[in-house]
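Novice: Just a sequence and a predicted model for now, questions to come.
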Amino acid sequence: MVRQLFGTDGVRGVAGEFLTAELALSLARAAVRLSPEPRPRVLIVRDTRESGEMLEAALAAGVTAAGGDAYLAGVLPTPAAPLLLRRHDFHLAAVISASHNPYEDNGIKLFGPDGFKLDDDTEVAIEAVMMAPHPDGGRRPARIGRVRTFHGALEDYLRELHTRFGALDLGGQRILLDCAHGATYRAAPEIFRRLGAEVTVLCDRPDGQNINAGCGSTHLGRLTEALGTGDSTLGFAFDGDGDRVLAVDGAGITVDGDELIALAARHLKAAGALWGDGVAVTVMTNYGFQAAMADAGIEVAQTAVGDRYVLDELRRRGWRLGGEQSGHIIDLAFAPGGDGIASALLILEALGGADLRDRDAMEKLPQRLVNLRAGDRSALTAALGAPAVIAAIAAADSELAGRGRVLVRASGTEPLVRVMVEAPTVSETDAHCAEIAAAVEAALTGPPG
C-alpha cells in the first residue's frame, strides 16, 4: 500500500482545507489504536501558527477517543518533542507544525517511543485504520482518555540543551538570533543567555500569522541588515519549528548548512568524537563539500533529499552527524533528529571562540538553484521526462564533467521542479542553469506532448 496522506515529513497541507480538525482527530485515533500500550500517553507540541490550537484540540480528542491520555506541552521547537518523549517515557509524540512554510499551512509529525519519526510501514498502517469503514473498531474503548497540561516542558528542553553544552562559555560574545516568530522564540534566547552570550533577538513576537513571514532561515535579509547596523559578531536564523538553522557572519555572508556541517564534522573528527569518521548529506550538498571532507579524512555518504533519508543513513552506518544544505543538521549524540538551537551551539563549540568570518571548513563552488512551479504532480513528471529537458541536462553534464554538477529533481513537498547547477565560475553556473530552466519552463507551459 502506498501512503496517501503522509509525505516525507508527516501530513502537511493548508489548515482547515486539507488538514482539517476531522483529519487530525482521525489520525490521532488511528495512531493510538495501533499502539501496543493499553493506555498510551501522547505528548502534543505545536508551533505558533493560528491553526495550531484547533489541531491540538482535534489531536487530543482523537487520542482520548481511542483511550489514550493527551499531554499538551504548548509551543515548543519540534526537536523538544523526541527529547521529552524519551525523558518522560511517553509512548507517542505529535508535533503540529509546517516548519518553514507560510502560516496558512500546517502539518502533523508523529514520533514513536524511541524518539524517531514513525517508519513508512507504521504510517501505512495508520492510514489503513483511518480508511477502514469502522476506524474505531466498531466498539467503545475500554476507557475514555484524559487531556492534561504538561507543565515545565520548556524548562525540561532547556535542561537538555544545558546538560550537553553547559561547558560552552559564550561570555563576551554578541549574537543575533532571528526566531522567525516561531517555536524557538522563548527557548533560543534563553539558552544563549544562560551560556553567557549578549543576545539581540529578532522576530520573537508571534501573532499566529507572521511565522516565517520575511524572516527566519528562509529569509535572511532582516538578520543580515541587523548585523550590518549593530555590533554583533554573528547571527543565527531558525525556521518556524526550530529544526533548522542558518548563520550569517559579521561580514554579512550567509553560512549555509553545507558549511555548518563541514565545521561540525571537522571539529568532531579532531576531538575523536565523529562516530565512524563519516558524515551523511544529501545530493543537494555543494560539490566542494566532498573535497573538503576527503582532505579531512572524513567519509561522505549521499542520500536523497529529506532529513528522514539522512537519518536512515546515519542509523544504518552507526554515524552521528549529517544534514542538509537548508540547515537541517542531525547530531544523534544529542537528539534523534534536527535541532536548530543545538546545531547553532555545536557550531559555536566548533569555533572555540574564533570569528565565523575566519572559517576554513570548505571551499564552495558557485551554485544556482531555480524553482519552477508546476500545475500539478503529473505536469511536473511530464516536464522532467521531456526530450528537450533531458537534452539540456545532458549537455550541461557533459561540459561540467569532473568540474561541477547538475541536479534536476521534483520537490518532495511541493509541485516544483528544482534546477540546481554548480560550476567553477558564477557565469558558467548561471548560463547552464538558465538553459535548463528555460527548457523546463517550456515543457511546463507548452502543449501536452
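Specialist: Structure received. Numbers count the residues shown, from 1 in each chain.

Novice: So which elements touch the worst-scoring helix or strand of the chain on mean pLDDT?
Specialist: Least confident helix or strand, the chain: helix 377-384 with a mean of 86, by mean pLDDT, DSSP states H and E. Packing partners of helix 377-384 (3 or more Cβ pairs under 8 Å, 6 or more residues apart in numbering; DSSP states H and E): strand 405-410, strand 416-422, helix 426-445. (Glycine included, C-beta is placed from N, CA and C.)

Novice: between the first one and strand 416-422, how many degrees?
Specialist: Looking back up the chat, that one is strand 405-410. 180 degrees (axes from the mean of the first three to the mean of the last three Cα atoms, to 10 degrees).

Novice: so what's Leu356 up against?
Specialist: Neighbouring residues of Leu356 by Cβ atoms under 8 Å, 6 or more residues apart in numbering: Thr233, Leu234, Ala247, Asp249, Gly250, Val255, Ile347.

Novice: gap between it and Leu234?
Specialist: As for Leu356, its distance to Leu234 is 5 Å (criterion: Cβ to Cβ, to the nearest Å).

Novice: between those two, what contacts are shared?
Specialist: Common contacts of Leu356 and Leu234 (Cβ under 8 Å, 6+ apart): Ala247, Asp249, Gly250.

Novice: okay if I get those as a markdown table plus secondary structure, distance to Ala265 and neighbour count?
Specialist: As requested, the shared contacts of Leu356 and Leu234 are exported to a markdown table (DSSP: H, G, I helix; E, B strand; the rest coil; distance: Cβ to Cβ, whole Å; neighbours: other Cβ atoms under 10 Å):
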| residue | secondary structure | distance to Ala265 | neighbour count |
| --- | --- | --- | --- |
| Ala247 | strand | 16 | 28 |
| Asp249 | strand | 19 | 19 |
| Gly250 | coil | 23 | 17 |
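
Novice: got the contact list for stretch 399-413?
Specialist: Residues outside stretch 399-413 that contact it (Cβ under 8 Å, 6+ apart): 7-9, 12, 283-284, 287, 305-306, 365, 371, 377, 380-381, 384, 389, 393, 396-397, 416-424, 428-429, 432, 436, 440.

Novice: List the residues that contact Leu384.
Specialist: Val408, Arg409, Ala410, Val417, Val440.

Novice: Now for the fourth one: which residues touch it?
Specialist: In other words, Val417. Taking Cβ under 8 Å, 6+ apart, we find Val417 in contact with Asn371, Leu372, Ala374, Leu380, Ala383, Leu384, Val408, Arg409, Ala410, Ser411, Val440, Leu444.

Novice: Run a quick neighbour tally on the fourth one.
Specialist: What it means is Leu380. When neighbours are defined as other Cβ atoms under 10 Å, Leu380 has 22 of them.

Novice: For it, which non-adjacent residue is closest in space?
Specialist: Ala374 (3.8 Å; Cβ to Cβ, 6 or more residues apart in numbering).

Novice: if I look at that neighbour, how far off is Gly323?
Specialist: Using Cβ to Cβ, we find Ala374 at a distance of 27 Å from Gly323.

Novice: So those two - more neighbours on which side?
Specialist: Counted by other Cβ under 10 Å, Ala374 and Gly323 do not tie: Gly323 has more neighbours, with 28 against 22.

Novice: Thought Leu332 was touching that one, still the case?
Specialist: No - in this structure, Gly323 is not within contact of Leu332 by Cβ atoms under 8 Å, at 11.2 Å.

Novice: And the least confident helix or strand of the chain, what's buried?
Specialist: Buried residues in helix 377-384, counted by 16 or more other Cβ atoms under 10 Å: Ala379, Leu380, Ala382, Ala383, Leu384.

Novice: and if you look at stretch 249-264?
Specialist: Asp249, Gly250, Val255, Asp256, Gly257, Asp258, Glu259, Leu260, Ile261, Ala262, Leu263, Ala264.

Novice: What of stretch 96-105?
Specialist: With the criterion 16+ other Cβ under 10 Å, stretch 96-105 contains buried residues Ile96, Ser97, Ala98, Ser99, His100, Asn101, Tyr103, Asp105.

Novice: Closest one to Ala291 out of the residues you listed, please.
Specialist: Proximity of those to Ala291 (Cβ to Cβ) peaks at His100, which lies at 29.0 Å.

Novice: any idea how far that closest one is from Ala183?
Specialist: His100 is 12 Å from Ala183, by Cβ to Cβ.
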